[in-house]
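Q: Predicted model, plus sequence, below.
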Number of protein chains: 2
Amino acid sequence: MFRTNNCGELRFTNVGKNITLAGWVQRTRKMGGMTFVDIRDRYGITQLVFNQDVNAGLFEMANTLGREYVIQVTGEVAERSNKNANMETGDIEILVSEMNILNESKTPPFTIEDNTDGGDDIRMKYRYLDLRRTSVRQNLELRHRMAFETRRYLDQLNFMEVETPVLIGSTPEGARDFVVPSRMNPGEFYALPQSPQLFKQLLMVSGFDRYFQIVKCFRDEDLRADRQPEFTQIDCEMSFVDQEDVLQIFEGMTKHLFKFVKNISFEDTFPRMTWHDAMKYYGSDKPDIRFEMKLVELKEEVSGHNFVVFDSVPYVGGICATGCSIYTRKQLDELTDFVKRPQIGAKGMVYIRCEADGTYKSSVDKFYSSDDLKVIAAKFNAQPGDLILMLSGDKRKTQKALCELRLEMGARMGLRDKDVFAPLWVIDFPLFEYDEELQRYFAMHHPFTSPKLEDVPLLDTNPGEVRANAYDMVVNGVELGGGSIRIHNSELQNRMFKLLGFTEEKAQAQFGFLMSAFQYGAPPHGGLAFGLDRFVSLFAGLDSIRDCIAFPKNNSGRDVMIDAPSVIDQTQLDELNLVIDIKEKKA
Amino acid sequence: MFRTNNCGELRFTNVGKNITLAGWVQRTRKMGGMTFVDIRDRYGITQLVFNQDVNAGLFEMANTLGREYVIQVTGEVAERSNKNANMETGDIEILVSEMNILNESKTPPFTIEDNTDGGDDIRMKYRYLDLRRTSVRQNLELRHRMAFETRRYLDQLNFMEVETPVLIGSTPEGARDFVVPSRMNPGEFYALPQSPQLFKQLLMVSGFDRYFQIVKCFRDEDLRADRQPEFTQIDCEMSFVDQEDVLQIFEGMTKHLFKFVKNISFEDTFPRMTWHDAMKYYGSDKPDIRFEMKLVELKEEVSGHNFVVFDSVPYVGGICATGCSIYTRKQLDELTDFVKRPQIGAKGMVYIRCEADGTYKSSVDKFYSSDDLKVIAAKFNAQPGDLILMLSGDKRKTQKALCELRLEMGARMGLRDKDVFAPLWVIDFPLFEYDEELQRYFAMHHPFTSPKLEDVPLLDTNPGEVRANAYDMVVNGVELGGGSIRIHNSELQNRMFKLLGFTEEKAQAQFGFLMSAFQYGAPPHGGLAFGLDRFVSLFAGLDSIRDCIAFPKNNSGRDVMIDAPSVIDQTQLDELNLVIDIKEKKA
């Protein structure tokens, strides 16, 4: 062992002890005949002292140390005269009597500090140096802790972690698969799993009863900030359960993580909201309920006042921002610009200021009398000093825009504190989504999702109204996970496939082995999957999942550090019976 | 919840309780007006009773149940008159008052019993049914337990589990990579990792200090019984350690697993053997030391007796099988046939029977007098009643053949008990292997393995003699894991590359990012990796790793259950800019 202690553990009680440390040079300061060196490792930073009068040779050596040199030092723990209350080791320093330079370092291209001077690109290229920064390393420590506590909780409840294969078959439905050419089976390909969905259902057929896996999944999508081509799921499935059982077990898991990782206790049951209410009151299936400011529908109240904008649309709705009547023209213009951005797509915004004196001032005074505005304000239960913001248009799109506006206002009003956590179950999702363009239904979750028993009769008459035994866990507006009770009955499954427009051949080709398995005694089962990356990001207070992944890829799916993907040898291509034929050079 | 209890937990103390179980029909027996049904789940089997006199309807229903039907029953726990001591629930039975058939089942293609009537192929095709068999499920329960206990041990010692990427770059050296075409980077490919070696070393450069990961690795090899295209490693790395530290930590891990999974305590330190001794005394770098029967070199003793077979070869060696002088001619012929098999490749076998009366009888009496044979026997310390078996030829090949013969004799003599575990560290591996054909040195482990400091001067003069800081853990002749202290010094690494015949360009192309990383303060580090599949197989007493993998592939790399790999859509190929061009149809 190169050390007796790590760089984060020595305290006042160790004074007088002779110790050896090893680590990286964080900083050196020469002050006359004394040189101070901060030595860093994963556990902390300790101050080293080199005194010219005591050992001139060592002192000279210390003055040659560059940032990020790797050194090993032996010396005595001494009390610091100038204590540093901001450092855990701030009461002591090491009077160095021996030093060994284990490795030199070129000057790193950015500083190894929480507030580094390195930009995104350079930090990704030198990710191994970026990972030296305490804030980045702590994200990964958090990730380890969360994965470990997840396993501990599930193991206690008799869940078994089972590894499902990474080299599986491709299913053309859904997002794009990454594929892997098979050398031994010329012309054929494996696919990397988008999730272990089929395998975990097979494990239920096998009687495994309680399965989980923390597992890499893959999706060949065009990437956004919060998407990575490979991501990690906490994948779970149980047999002989109904929805209530699943919700309780995994609410328990979430509480366990909050308690053992964040030291936050949730005594109460998590609130539950139907998908219908989530859309109606928050314009989103993943509401951020850290704050109220619910959406209010106003079509009835605003109609018939010759305001064509409102009269000509199916939906008018708004939110009420407490205490914001003092917003200036400029602030209101900013909000208008915000909702008119193409990603949000509103045509304009109407406001009503509920003035402190009880009067109303709106951008539509021409059409609405003070009494009219009072009626509208009453719908919000608005008080003097509040600000009402209204949007109109197509129902879903407007609700979505109001959702964005609500989140923006929540942020501006400081209602979205990253240290406050508001978990929520969203339940009763519709089983189907109707695609207007393709004029057919799609499964909102996936084709194995079970309808609610009481809604089964609607399958033939009104599929759009059928509710699923499906549920999402949402925290602070982030969908952490979701799942469903599955169909375990072949007949019902076949009806679903028919409704979803699968021919028998297509269903057979894609899910044949699952359908076959279901004929040999499939138990009732259900489960869910959490996105570990998002879960960690939420706990870490990060905006992007990238920062909680050790070696993430950029938006082109490249690892710029190792420069992958890359071209491969012709012999490799030949062995795989492949020829590259680039039809159109992409940018 | 569909049940109040599972099928393995009811006992005599529960008699009188009203309970609900759910599970699969293992067996039904109709005996007059009583029908007995065994219901099975992951936890066990419970006997259900249906009495025609009590409830004729239920009785009729019970008689319609087929094997593997999924049922839910409610009833009272009753004491069994005819107790079954072989079943954990054998003291009780359930007097069923309600039954619900949750799902029917076609008759499974093989019996769901430990001794099933299903052959390998059919069990693989219906793997989801094979997994219902208790023995198969127990292997996977064992796997879960081992992975969990591995994590618990390492977490306690401050190891962090870090997920390294699955989509990485291809390195043409070594075994064949599986590759993944990149749609977003036309003409370029990711590779799937054969191990996270480079990434774990980068994490050490990043100061992560103690890393581990239980991780899938991939190798596109022609498969043998104990190889799978995807396999799982317990991958570990530490900084600021020397070989002794690594051995102690992972000897501790192995002991922890034996203790908490197998309830076997190893008080003593595991024995250590140099690679040189392993080859000399066992003819293998992974000796099975459950029994002695060491190889003895005899060239000196047997030379000069006009026996050309021995005189003309560089190496003669043998083993002594205690108490086997009674072996018949037929048994000796069998052994001769065994060593002459092409996989072993010996030309013939010489035996000496040390008869009970103190005389010797050998297959080479023509060349060796009784006194000559006595001298040979003395080298083995052979006693009356022992049997000496000798092979000759090229040194390495003959040692290897003797190793196989020793293992065969160990098996015949019952010395290889699967419930006895003999762990061993093999250390001091040579740094290089010399390839006679290519006339150059190869790294025995990998090019980052550190030579022993005291052997560094030999690098230039006699590379073949340089020992590495490399080590393997061997249990019962199975290599469970291995690793090394790595080179952390760029200069030494460059010397290694040169010795291994890497041009600077090639080294840069393949390991450039690691070489660059090493210039920014790489700490001394080392580690190892265990094969989880082998570890589980060893604990389970299995001959093949396949049986401890939930969904294994066959020898052609196929998953016959889901029929993967398979052809993919033309649109997928187009998007990937690939054309299939099968040069030669393989069988």
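A: Cool, the structure landed. Residues are numbered from 1 along each chain as shown, chains lettered A, B, ... in the order given.

Q: Which of the helices or strands spans the closest residue to chain B within the stretch 251-400 of chain A?
A: Nearest to chain B, among the residues of the stretch 251-400 of chain A, is A:Phe260, at 12.4 Å (C-beta to the nearest C-beta). No exception for glycine: its C-beta is placed from N, CA and C like everyone else's. Using DSSP states H and E, A:Phe260 falls within helix A:243-262.

Q: Please name every helix or strand in contact with that helix.
A: In terms of contacts (3 or more C-beta pairs under 8 Å, 6 or more residues apart in numbering or on different chains; DSSP states H and E), helix A:243-262 is packed against helix A:134-156, strand A:230-239, strand A:423-427, strand A:470-475, strand A:478-485, strand A:525-531, helix A:532-540.

Q: was I right about A:Ala147 contacting B:Glu161?
A: Yes. Using C-beta atoms under 8 Å, A:Ala147 makes contact with B:Glu161 at a distance of 6.3 Å.

Q: Determine how far the last residue of stretch A:297-304 lies from the first.
A: Counting by C-alpha to C-alpha, to the nearest Å, you get 15 Å between the two ends of stretch A:297-304.

Q: Near A:Asp472, how many other residues are there?
A: A total of 21 residues lie near A:Asp472 under the criterion other C-beta atoms under 10 Å in any protein chain shown.

Q: what is it paired to in the beta sheet?
A: As for beta bridges, A:Asp472 partners with A:Val426, A:Gly482 under DSSP bridges.

Q: List the contacts of it.
A: A:285-286, A:425-426, A:429, A:479, A:481-482 (C-beta atoms under 8 Å, 6 or more residues apart in numbering or on different chains).

Q: same thing but 7 Å
A: A:Asp472 is in contact with A:285-286, A:426, A:479, A:481-482, counting by C-beta atoms under 7 Å, 6 or more residues apart in numbering or on different chains.

Q: Tell me which two in those residues are the farthest apart.
A: Between any two of the contacts of A:Asp472, the greatest separation by C-beta to C-beta is 13.2 Å, found for A:Asp285 and A:Gly481.

Q: who's more crowded, the two?
A: Set A:Asp285 next to A:Gly481 and count neighbours by other C-beta under 10 Å: A:Gly481 wins out with 23 against 19.

Q: Grab the nearest non-local neighbour of that one.
A: Excluding its sequence neighbours, the residue lying closest to A:Gly481 (C-beta to C-beta, 6 or more residues apart in numbering or on different chains) is A:Phe530, at 3.4 Å.

Q: Against chain B, how distant is the one you found?
A: From A:Phe530 across to chain B, the span is 15 Å (C-beta to the nearest C-beta, to the nearest Å).

Q: so that residue sits right up against A:Gly483, yeah?
A: No. If you go by C-beta atoms under 7 Å, A:Phe530 and A:Gly483 don't touch, sitting 9.1 Å apart.

Q: all strands for the stretch 251-400 of chain A, in order.
A: Residue ranges of the strands in the stretch 251-400 of chain A, as given by DSSP state E, counting those that start in this stretch, are A:272-274, A:296-297, A:315-321, A:350-354, A:360-362, A:387-393.

Q: Kindly report the same for the stretch 1-150 of chain A.
A: Under the criterion DSSP E, counting those that start in this stretch, strands of the stretch 1-150 of chain A are mapped to A:18-31, A:34-41, A:44-51, A:70-79, A:92-103.

Q: any chance of those strands in CSV, plus mean neighbour count and mean pLDDT?
A: Output for these, formatted as CSV (neighbours: other C-beta atoms under 10 Å in any protein chain shown; pLDDT from 0 to 100):
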stretch, mean neighbour count, mean pLDDT
strand A:18-31, 19, 97
strand A:34-41, 21, 98
strand A:44-51, 22, 98
strand A:70-79, 20, 98
strand A:92-103, 19, 98
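
Q: Out of the strands of the stretch 251-400 of chain A, which gets nearest to A:Arg80?
A: So among the strands of the stretch 251-400 of chain A, strand A:315-321 is nearest, using C-beta to C-beta, at 51.3 Å.
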